[in-house]
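Enquirer: Need a 3D model of the following:
(2 chains)
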Amino acid sequence: MTTTTDMNADSYVTADGRTIGPVVMDMKNITLRFGGVVAIKDISFDIREGEIRAIIGPNGAGKSSMLNVISGFYKPQEGEVWFRGEKRPPMKPYQVARQGLARTFQNIALFDGMTVLDNIMTGRLNHMKANLLQQAIWKGKAEREEIANREICEKVIDFLEIQHIRKTPVGRLPYGLKKRVELARALAAQPSLLLLDEPMAGMNVEEKEDMSRFILDMNDEFGTTIALIEHDMGVVMDLSDRVVVMDYGKKIGDGTPDEVRNNQDVIDAYLGVSHD
Amino acid sequence: MFYREAGDFKTSYRDDSQTFPIRLDRMGYYILMFVAFLVVPFFINDYWVNAVFAPFLIYAIAALGLNILTGYAGQVSLGTGGFMAVGAYASYKLMTSFPEVSILIHIILAGGITAVVGVAFGLPSLRIKGFYLAVATLAAQFFLVWVFNKVPWFYNYSASGQINAPERSVFGVIVTGPNTEAWAKYMICLVFVVVLAWVARNLTRGMMGRKWMGIRDMDIAAEIIGVNPLMAKMSAFAVSSFFVGIAGALFFTVYLGAAEAGEAFGITKSFLILFMIIIGGLGSIFGSFAGAAFMVLMPVFLKNVLVGGLGWPTDLAAHFEFMIVGGLIVVFLIVEPHGLAQLWRLTKEKLRLWPFPH
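Expert: Sure thing, here's the model as predicted:
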């Protein structure tokens, strides 16, 4: 429901000077059912290169299901997923990851037995090519690769300001830091599209401010395209370029924060509507 | 006071990720290697090699193998004994079929054959987890032992149903058969242990190890970050079985000399090695060694104390030995569920601060 003419152009420049490119991910008429329950009903929307795209909606609206469709966990019964101008065949999540998608989870999904550094290094696995034998011998390709990728991970560690916990097992960390490590792991993959499932859930105001800053900086410095689900409306309206609003598995609004804010359907969904 | 990392600055990522980051650890490691290679062989005798060193080193390889599968990749296996049998019978068939080829190659090939068998029996792990997988691998244990007893081709149609290791030598030194000298037995086991421990360390510190641990800790997150669960689990089964197969081959050729599948590689062996890694510490190379040492040395130690020291009759001592070892396992698991490796880690943390606790 984008109304302004320049937003339909191939690329445009936002008010704060970032360039938004062509469509990266295009969801066309997605329908997802679990038995008789329709989680997503005929939803279409796109994500453009370099933008921050928010998906909002009341609880149970189907936002996380949508993210799971994008990352390959759920296979929609109907509809098509187009990635970089090509229709994506049904894929396993790890194959989707190889295409350059990374995500974080609503409930943190880190590897508790590993150190922060090892967790972040797993994000690099699609960039490391040494085979089993080369890794067994270590000297040579495996070691070179390890060091080269460690440098990239260290940059991410610096960026997210978690240097001091590099060698701490993740299981020992407090919640806020775990969220940040999970973001670091996703970022280390240098994804072309980053999906964040409630990156600020359960955080206090300060932590939310930090996280918002990281999201904006990521988008600004690395040009990472970000799609996020968030419940904090203040955060969503401030961060995102465009917002999709879902309710009961249907799309009820799509556009800039201002457009969405003034959309009557959206107001009804959030505030309720009187039936008299 | 001496054991600390202060002042030992790392200026490259290479230095930072080395196996022994603390200087004293490195020195300890070099001294241990020196003693193991250049001191022990000159003093070792038949008793020490047969009672202590050979079983310890061979079980350490098997424990490393199972630790890769269970400790690192999180796939429980009760088929270790069966896979050791595969290694043993594979090495036997290779030794008798190709007598002119070096036994070192036979042992490594036996490991490779076990890896293939391990992958085949590991396939159910894609669909089942935890206890159910343990039962599936238990089936492998019984099936493999049954096959080796039932199919005469495996034991070359010998009347006793046993397999006997023919005499073979490496660089002119006899390493199998009854005429083997103690130091030769010790050295061949030691070389395999050192090389395989190094391989295990390399695999577990690199991307392969991270994939395994990712599958162990949170398989969904691992998959979303790009780990192919099929490849990760199958590679864990392959590498683990390779280690276990080599352990089985050495156990038969170098240590036992003669073996019968049900007796030498029964379910008790699977449990013994599982105990080793649980007591030693899951997901730890050091733990594999510590566990193997504990399970091998404890009975020997108790026997020496009870029979040699207190003068008890042998049969009574043997029964007490079972009870004490069993009791110790329970105590250990209560005191430190993460095994000897964790105790060692805690000791090192304390040592780092000693003698100033703050």
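Enquirer: in chain A, what spans have low per-residue confidence?
Expert: A:1-9, A:275-276 (pLDDT under 70).
Enquirer: Would you mind finding the longest helix in it?
Expert: Ranked by residue count under DSSP state H, the longest helix found in chain A is helix A:141-159.
Enquirer: could you say what helices and strands it packs with?
Expert: Secondary-structure packing of helix A:141-159 (3 or more CB pairs under 8 Å, 6 or more residues apart in numbering or on different chains; DSSP states H and E): helix A:116-122, helix A:132-137, helix A:175-188, helix B:13-16, helix B:207-217. Every C-beta, even on glycine, is put in place using the N, C-alpha and C of the backbone.
Enquirer: now the most centrally placed residue in chain A, nearest residue through space, not along the chain?
Expert: Centroid-nearest residue in chain A: residue A:195, 1.1 Å away (criterion: CA atoms, centre = their mean). Take residue A:195 and drop its neighbours on the chain: the residue closest to it by CB to CB, 6 or more residues apart in numbering or on different chains is residue A:103, 3.8 Å away.
Enquirer: Neighbours of the one you found, how many?
Expert: Counted with other CB atoms under 10 Å in any protein chain shown, residues neighbouring residue A:103 total 26.
Enquirer: One more: the one 4 residues further on?
Expert: Using other CB under 10 Å as the criterion, residue A:107 is surrounded by 8 other residues.
Enquirer: Equivalent analysis for residue B:115, please.
Expert: For residue B:115, using other CB under 10 Å, the count is 27.
Enquirer: Do I have it right that residue B:148 meets residue B:155?
Expert: Yes: because the distance of 7.4 Å satisfies CB atoms under 8 Å, residue B:148 is recorded as touching residue B:155.
Enquirer: so where do the helices sit in chain A?
Expert: A:63-70, A:93-98, A:116-122, A:132-137, A:141-159, A:175-188, A:205-217, A:233-239, A:257-261, A:264-271.
Enquirer: Distance to residue B:180 and mean neighbour count for these - can I get that in TSV?
Expert: TSV is the format used below for the helices of chain A (distance: least, CB to CB, whole Å; neighbours: other CB atoms under 10 Å in any protein chain shown):
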stretch	distance to residue B:180	mean neighbour count
helix A:63-70	61	23
helix A:93-98	49	21
helix A:116-122	43	25
helix A:132-137	29	17
helix A:141-159	37	17
helix A:175-188	52	22
helix A:205-217	64	16
helix A:233-239	73	16
helix A:257-261	80	17
helix A:264-271	81	14
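Enquirer: residue contacts, the residue nearest to residue A:195?
Expert: Applying CB atoms under 8 Å, 6 or more residues apart in numbering or on different chains, we find residue A:103 in contact with A:67, A:71, A:186, A:194-197, B:224.
Enquirer: switch to 6 Å and redo it
Expert: A:71, A:195, B:224 (CB atoms under 6 Å, 6 or more residues apart in numbering or on different chains).
Enquirer: where's residue A:273 relative to residue A:250, distance?
Expert: 15 Å (CB to CB, to the nearest Å).
Enquirer: typo on my end, residue A:142
Expert: 50 Å.
Enquirer: go on, residue A:34?
Expert: On the measure of CB to CB, residue A:34 and residue A:250 end up 16 Å apart.
Enquirer: ok, those two, which is more surrounded?
Expert: Ranked by neighbour count (other CB under 10 Å), residue A:34 and residue A:250 place residue A:250 first, with 17 against 10.
Enquirer: Surely the more buried one and residue A:41 touch.
Expert: Yes: assessed by CB atoms under 6 Å, residue A:250 is found in contact with residue A:41 at 5.1 Å.
Enquirer: you'd agree residue B:18 is in a strand?
Expert: No: the assignment for residue B:18 (DSSP: H, G, I helix; E, B strand; the rest coil) gives coil, which keeps it out of a strand.
Enquirer: From residue A:143, how far off is it?
Expert: Counting by CB to CB - residue B:18 and residue A:143 are separated by 11 Å.
Enquirer: what's the nearest residue to residue B:181 if we skip its chain neighbours?
Expert: Residue B:181 sits nearest to residue B:174 (CB to CB, 6+ apart), 7.2 Å away.
Enquirer: show me the biggest helix of chain B in terms of residues.
Expert: Chain B, longest helix under DSSP H: helix B:182-205.
Enquirer: Could you pick out the residues of the stretch 101-250 of chain A near chain B for me?
Expert: A:103, A:109, A:111-114, A:118, A:122, A:125-126, A:128, A:135-136, A:138, A:142, A:147, A:150 (CB under 6 Å from any CB of the partner chain).
Enquirer: quick one on the thing from earlier: what is the longest helix of chain B packed up against?
Expert: Here helix B:182-205 touches helix A:132-137, helix B:54-66, going by 3 or more CB pairs under 6 Å, 6 or more residues apart in numbering or on different chains; DSSP states H and E.
Enquirer: now those in TSV, with distance to residue A:208?
Expert: Below are the helices and strands packed on helix B:182-205 laid out as TSV (distance: least, CB to CB, whole Å):
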stretch	distance to residue A:208
helix A:132-137	40
helix B:54-66	46
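Enquirer: how about stretch A:183-195 as CSV, C-alpha atoms only?
Expert: Provided in CSV are the C-alpha atoms of stretch A:183-195 (Å, rounded to 0.1, in the frame of the first residue of the first chain):
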residue,chain,number,x,y,z
LEU,A,183,22.9,-10.8,17.2
ALA,A,184,26.7,-11.1,16.9
ARG,A,185,26.5,-14.6,15.6
ALA,A,186,23.9,-13.6,13.0
LEU,A,187,25.9,-10.6,12.0
ALA,A,188,29.2,-12.6,11.7
ALA,A,189,27.6,-14.4,8.8
GLN,A,190,27.6,-11.1,7.0
PRO,A,191,24.0,-11.8,5.8
SER,A,192,22.4,-10.0,3.0
LEU,A,193,19.1,-10.2,4.9
LEU,A,194,18.9,-10.3,8.7
LEU,A,195,15.8,-11.4,10.4
